[in-house]
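Engineer: coordinates only, no sequence provided:
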């Protein structure tokens, strides 16, 4: 049964994604949809590809900043290789954590003398670095969306969406304030994993500068990716104001993170369909926008696949087995 359950979850996600896509495509004018692609301006697409790929260097830097306090001293290019592999698995592996698992595995495995020192402790620290990187990225994404809704109230985003965004933004603030409390209530002795987690959290207290640095980098990264939305829009001849991109990108990104589809496929397109309608973009162009953006990200993520093959990586089953704590 343990082997059947993950397969059933994956099947359900695939069915939901396929169902959503079929629903959307049966309700748009297919000829106009393909005409939107045929008339796309490749120069904007090429620029978006370059900018998105370069933004991953900043994402790698954020992860490196968060990994340093936990004892990882690898060169930036090593972190970049691991991050690119993670990009590949995040997009092409089933589920949404394949890239995170690969980053944890490589960071822990590649630590000099890791197995002889404390493989479990090193793996836990690698897990914490990836988890904090994820949380800060999502937290700042939601903050950016909330800030956009406050600064640009002229866009008729539904009240329910506004309230949910503000609630999530507030929730992350409250959660951040409770982290010191969590560190205090974790036992100093007892279960080795819990004790190691307490030590890892203490590392951030001693090197607290890593957190605001990661937050600042996240704002820059998300603003760049919001600008990429503007470029993709211009590629298919729709004008999306940058002020609205600051709202559009965070809200769709948060919505697509709900783990009921295969890597957000279907939810993402539905989000663009719903929110682009707010500024008068028709269904065909909204779906084309979502598909084109996905294809651009997929194309850049293939670089990580090349890096993965060059490293002669082990089978995914080995990665999952080794990352268990």
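Structural biologist: Here it is on my side, so go on. Please read all numbers here as calculations on a predicted model, not as lab measurements.
Engineer: make it CA atoms for all contacts and neighbour counts henceforth
Structural biologist: Noted.
Engineer: Three-state assignment for residue 237, please.
Structural biologist: Here residue 237 is recorded as coil under DSSP: H, G, I helix; E, B strand; the rest coil.
Engineer: who touches it in this structure?
Structural biologist: Going by Cα atoms under 8 Å, 6 or more residues apart in numbering, residue 237 touches 40-41.
Engineer: which phi and psi does it have?
Structural biologist: Main-chain torsions, residue 237, degrees, to the nearest 10: phi 70, psi 40.
Engineer: so how far is residue 286 from it?
Structural biologist: When distance is defined by Cα to Cα, to the nearest Å, residue 237 is 11 Å away from residue 286.
Engineer: with residue 243 instead?
Structural biologist: Separation of residue 243 from residue 286 (Cα to Cα): 18 Å.
Engineer: comparing these two, which shows the higher neighbour count?
Structural biologist: residue 286 (25 against 16; other Cα atoms under 10 Å).
Engineer: so the more buried one sits right up against residue 276, yeah?
Structural biologist: Yes - because the distance of 6.2 Å satisfies Cα atoms under 8 Å, residue 286 is recorded as touching residue 276.
Engineer: so where do the helices sit in the protein?
Structural biologist: 4-25, 30-38, 42-67, 76-92, 98-109, 114-151, 159-185, 192-206, 210-235, 242-256, 267-276, 283-310, 316-322 (DSSP state H).
Engineer: who does the first one touch, helix- and strand-wise?
Structural biologist: Using 3 or more Cα pairs under 8 Å, 6 or more residues apart in numbering; DSSP states H and E as the contact criterion, the neighbours of helix 4-25 among helices and strands are helix 267-276.
Engineer: tell me how far the helix it packs on lies from the chain's centre.
Structural biologist: 17 Å (Cα atoms, centre = their mean, to the nearest Å).
Engineer: again, but for stretch 243-259
Structural biologist: For stretch 243-259, the distance to the chain centre is 11 Å (Cα atoms, centre = their mean).
Engineer: which positions in it come out as buried?
Structural biologist: Using 16 or more other Cα atoms under 10 Å as the test for burial, stretch 243-259 gives 243-254, 256-257.
Engineer: out of the residues you listed, which one sits closest to residue 8?
Structural biologist: Proximity of the buried residues of stretch 243-259 to residue 8 was ranked by Cα to Cα; the top entry is residue 257 with 19.5 Å.
Engineer: chain neighbours aside, what residue packs nearest to that closest one?
Structural biologist: residue 264 (6.1 Å; Cα to Cα, 6 or more residues apart in numbering).
Engineer: next up, the contacts around the residue lying closest to residue 61 once chain neighbours are set aside.
Structural biologist: Take residue 61 and drop its neighbours on the chain: the residue closest to it by Cα to Cα, 6+ apart is residue 76, 7.3 Å away. Applying Cα under 8 Å, 6+ apart to residue 76 gives the contacts 60-61, 64.
Engineer: could you check the pLDDT of the closest residue to residue 252 other than its chain neighbours?
Structural biologist: In this structure, residue 252 finds its nearest non-sequential neighbour in residue 271, 5.2 Å apart by Cα to Cα, 6+ apart. Among the per-residue scores, residue 271 holds a pLDDT of 91.
Engineer: and the one 3 residues further on, by the same measure?
Structural biologist: According to the predicted model, the pLDDT of residue 274 comes to 93.
Engineer: burial of it, as a residue count?
Structural biologist: Other residues near residue 274 come to 18 when the count uses other Cα under 10 Å.
Engineer: and of the contacts of residue 76, the nearest to residue 47?
Structural biologist: The closest of the contacts of residue 76, once distances to residue 47 are taken by Cα to Cα, is residue 60, at 20.4 Å.
Engineer: burial check on the closest one, number of neighbours?
Structural biologist: By the criterion of other Cα under 10 Å, residue 60 has 21 neighbours.
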